[in-house]
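K.L.:
Just the structure for this:
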Amino acid sequence: AYGRLEIDGDGKGGSGGDEGGVPPRKETVLISTQGTKFLENTTVVLSAAVSSKVNIPTDCEAAHTLAKAYDVRYNIPEEHRFEKVLDKAIPNFDLKSAEAQDVEDALDLAIAYLRRVHLFSF
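P.N.:
Below is the predicted model:
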């Protein structure tokens, strides 16, 4: 019913149905005519420009901020939030005083958490 403002509920044309108007959309279905190439398991390697050790502390801070914000927004129980997971993996983690390997591990953990818990690709 593209562009129609009325529904032919009784099949006689016009607006002869009980409902009248356009029904609310319940679902959206996307159909691909190009095959399912996007479903194939492929690995994409990003350029070194976006994968630099210099960016790790900044990226770590940004990923942690996102994880904490999404936890609050989606009411993740306190005991399952990112901060608790991070504390179990790297006890007493502090970005400013942590060793380089701990910062990298904390970034990896945040990226995995965002992907698995919030379906967010960082």
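K.L.:
C-alpha only now, for contacts and for neighbours.
P.N.:
Will do.
K.L.:
Look at residue 92 and give its secondary structure.
P.N.:
Assigned state for residue 92: coil (three-state reduction, DSSP: H, G, I helix; E, B strand; the rest coil).
K.L.:
same question, the one 4 residues further on
P.N.:
Under three-state DSSP, residue 96 falls in the coil class.
K.L.:
Tell me how many other residues crowd it.
P.N.:
With neighbours defined by other C-alpha atoms under 10 Å, the count for residue 96 comes to 8.
K.L.:
Quick check: the gap between it and residue 57.
P.N.:
Distance check for residue 96 against residue 57: by C-alpha to C-alpha, to the nearest Å, it reads 9 Å.
K.L.:
Also residue 74?
P.N.:
Using C-alpha to C-alpha, we find residue 74 at a distance of 26 Å from residue 57.
K.L.:
Just want to know which of these two has more residues nearby.
P.N.:
When residue 74 is set against residue 57 and neighbours are counted by other C-alpha under 10 Å, the residue ahead is residue 57, at 18 against 9.
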